[in-house]
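**Student:** mind looking at a prediction? Sequence and model below.
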Amino acid sequence: MPKSKTMFIKQLYTNCLSEAAYFIASDGEAAVIDPVRDIDAYLELAKEHNVTIKYIFETHFHADFVSGHLDLAAATKAPIVYGPNAETGFPVYLAKDEEQFKIGKITLKVLHTPGHTLESCCYLLLDENQQPHSIFTGDTLFVGDVGRPDLFSGNLSKEELAGLLFDSLNTKIKTLPDHVTVYPAHGPGSACGKNLGPDTYSTIGDEKSGNYALLANEKDEFIQVVTTDLTAPPSYFPVNAKINKEGYDALQAIMEKSLKPLTVADFKRKMKDEVLILDTRNANEFAEGFVPTSISIGLEGRFAEWAGSLLPFDQEIILVTAPGQEEETVVRLARVGFDNVSGYLEGGYQAWVDAGEDRDLIISIEPDELAMDIPHDPNLIVVDVRKPAEYADGHVKDAQNLTLSDMADPGTMADFDDNHNLYVHCAGGYRSIIACSILKREGIHNLRNVTGGFAKIKEEQGIEIVKEKNVLN
């Protein structure tokens with residue numbers, strides 16, 4: 001990232017959410033843009049640079065994570081700034097289009113850019129000479145993509161929002177000098193766009209020359225390209241958008257309620273109340289043994305996204321974690337709006353084992369065993385839990401595509417019965433363990449996880465791979 005003697009800009013990237021927050025400081029003052037819910041990093045930066053956080057800027061109502069705006073405002077007394085049209089359940093400052101905010105020797109200029117959402121704004125940073133330096137684009141403009149126009153927009157259609165986005169980009173963004181740095185709110189893997197590029201920042205010039213959406217110069221063409229092939233947004237998006245708009249309990253209160261150690265006896269008593277058991281250990285460790293009915297979502301993957309997509313927000317959750325990861329688990333759940341954790345198994349899974357309690361496991365096999373079983377087992381079903389686009393790009397012949405995100409609905413598994421032998425896989429192994437844990441929770445136990453996922457399966461010569469009716473192997 002470019003450096004300046006009169007300002008300090010730091011991108012704080014949360015990989016689990018593909019989310020970028022920003023800390024900007026100049027001459028004793030600072031601003032934070034799009035903070036996540038755990039705010040310690042921003043407070044530490046302010047202390048390190050001996051600056052006062054003067055403003056908290058939000059680019060829009062985020063749907064994929066719970067913002068830290070309220071907790072940060074409580075800790076710093078800084079106002080929360082939204083752009084025009086934002087309606088909240090808590091006090092904010094509503095900025096006008098092109099209104100300017102001084103931060104030391106630099107300035108942030110509000111650019112109202114509706115399209116992703118109606119209240120979406122970008123913040124143009126002007127240096128000490130009032131020249132454009134960088135722009136914080138929220139979900140309006142990403143590296144290689146733009147924000148999806150089909151989220152929470154009142155009565156407007158995605159086509160109408162895309163039209164607004166076209167106008168915003170062409171009148172407010174593309175007119176900026178090519179050297180201006182683009183700092184978006186998300187990077188690769190985010191569901192807030194269709195296919196974000198691999199980097200987390202760019203320049204206006206690079207986006208004008210390489211971003212498919214900015215290359216569409218006619219509005220009708222733009223609307224078509226940005227609304228085509230949009231996948232359904234994760235199911236938790238409306239929940240998080242509502243939380244960000246209406247407000248929430250302080251993170252510290254959630255931590256105090258959630259971080260309660262439970263003995264094995266306490267844990268078993270809660271299990272009788274139909275709580276949900278969430279196991280956040282590594283997927284491979286989980287497969288080797290777990291508390292029966294647990295759902296596996298390992299911290300090593302896109303934990304928060306899968307938790308938000310698969311777990312209920314209105315059911316009590318108790319945790320099994322690797323020792324020492326209890327607090328991290330609660331924080332990462334809180335980032336996507338979970339405040340219903342009521343404790344964790346003290347001593348972790350080993351305490352359960354030492355107490356001699358019943359256990360379950362997931363049988364894992366190598367792809368060569370799958371290759372041997374396919375020709376001889378008429379009840380064998382290969383269950384591919386990858387996304388439809390991944391499946392279409394190549395899959396085991398006759399495999400059933402049951403996307404992991406759809407498994408939040410138990411009805412999607414209704415066609416499986418006791419006679420079926422399920423061989424479950426994803427791309428590499430993380431999602432398939434989650435899927436196996438959900439299947440087992442639903443009482444489906446005759447299953448195997450295929451180690452290494454499709455990446456290894458397609459290397460096995462004995463397995464027929466198809467792609468759009470064309471045989472690859």
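**Tutor:** Nice, thanks for sending it over.
**Student:** what helices or strands is the helix or strand harbouring residue 209 leaning on?
**Tutor:** Element membership of residue 209 [criterion: DSSP states H and E] is helix 204-210. When contacts are defined as 3 or more CB pairs under 8 Å, 6 or more residues apart in numbering; DSSP states H and E, helix 204-210 packs onto strand 181-184. C-beta coordinates here come from the backbone N, C-alpha and C atoms, glycine included.
**Student:** what is the strand it packs on packed up against?
**Tutor:** Strand 181-184 sits against strand 19-26, strand 132-138, strand 141-142, strand 202-203, helix 204-210, with contacts defined as 3+ CB pairs under 8 Å, 6+ apart.
**Student:** wait, residue 142 sits on residue 194?
**Tutor:** No. Residue 142 is beyond contact range of residue 194, at 9.5 Å (criterion: CB atoms under 8 Å).
**Student:** who's more crowded, these two?
**Tutor:** Under the criterion of other CB atoms under 10 Å, the comparison of residue 142 against residue 194 puts residue 142 first, with 31 against 21.
**Student:** next, the closest residue to residue 425 other than its chain neighbours: phi, psi?
**Tutor:** Spatial nearest neighbour of residue 425, chain neighbours left out: residue 450 (3.9 Å); criterion: CB to CB, 6 or more residues apart in numbering. In terms of degrees, to the nearest 10, the main-chain angles of residue 450 are phi -90, psi 110.
**Student:** tally of neighbours for residue 450?
**Tutor:** Residues near residue 450, counting by other CB under 10 Å: 26.
**Student:** which residues sit against the following helix or strand past the helix holding residue 209?
**Tutor:** For helix 204-210, the following helix or strand on the C-terminal side (DSSP H and E) is helix 219-227. Helix 219-227 has contacts (CB atoms under 8 Å, 6 or more residues apart in numbering) with 146, 148-150, 158-159, 162-163, 165-167, 194, 212-213, 216.
**Student:** which of those residues sit farthest apart?
**Tutor:** Longest distance between any two of the contacts of helix 219-227 is 19.8 Å, between 167 and 194; criterion CB to CB.
**Student:** pLDDT weak spots in this structure?
**Tutor:** Low-confidence segments of the chain (pLDDT under 70): 1-4, 152-153, 468-473.
**Student:** again, only using 80
**Tutor:** Scanning the chain for pLDDT under 80 picks out the ranges 1-5, 152-154, 468-473.
**Student:** in it, which residue sits furthest out from the middle?
**Tutor:** Residue farthest from the centre of the chain, counting by CA atoms, centre = their mean, is residue 376 at 40.8 Å.
**Student:** that one: what secondary structure?
**Tutor:** Three-state call for residue 376 (DSSP: H, G, I helix; E, B strand; the rest coil): coil.
**Student:** report the backbone C-alpha coordinates of stretch 394-414 in PDB.
**Tutor:** The C-alpha trace of stretch 394-414 is given here as PDB (Å, rounded to 0.1, in the frame of the first residue of the first chain):
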ATOM      1  CA  GLY A 394     -16.500 -31.400 -13.300                       C
ATOM      2  CA  HIS A 395     -18.000 -34.100 -11.100                       C
ATOM      3  CA  VAL A 396     -18.200 -37.800 -10.500                       C
ATOM      4  CA  LYS A 397     -20.600 -39.400 -13.000                       C
ATOM      5  CA  ASP A 398     -24.100 -39.700 -11.500                       C
ATOM      6  CA  ALA A 399     -23.000 -37.800  -8.300                       C
ATOM      7  CA  GLN A 400     -25.800 -36.000  -6.500                       C
ATOM      8  CA  ASN A 401     -25.100 -32.300  -6.000                       C
ATOM      9  CA  LEU A 402     -26.400 -31.400  -2.500                       C
ATOM     10  CA  THR A 403     -24.900 -28.000  -1.800                       C
ATOM     11  CA  LEU A 404     -23.700 -27.600   1.800                       C
ATOM     12  CA  SER A 405     -25.600 -24.300   2.300                       C
ATOM     13  CA  ASP A 406     -28.800 -26.100   1.400                       C
ATOM     14  CA  MET A 407     -28.300 -28.600   4.200                       C
ATOM     15  CA  ALA A 408     -29.500 -26.000   6.700                       C
ATOM     16  CA  ASP A 409     -32.900 -27.300   5.600                       C
ATOM     17  CA  PRO A 410     -33.300 -31.000   6.800                       C
ATOM     18  CA  GLY A 411     -35.800 -31.500   4.000                       C
ATOM     19  CA  THR A 412     -33.000 -31.600   1.500                       C
ATOM     20  CA  MET A 413     -31.900 -35.000   3.000                       C
ATOM     21  CA  ALA A 414     -35.300 -36.600   2.900                       C
END
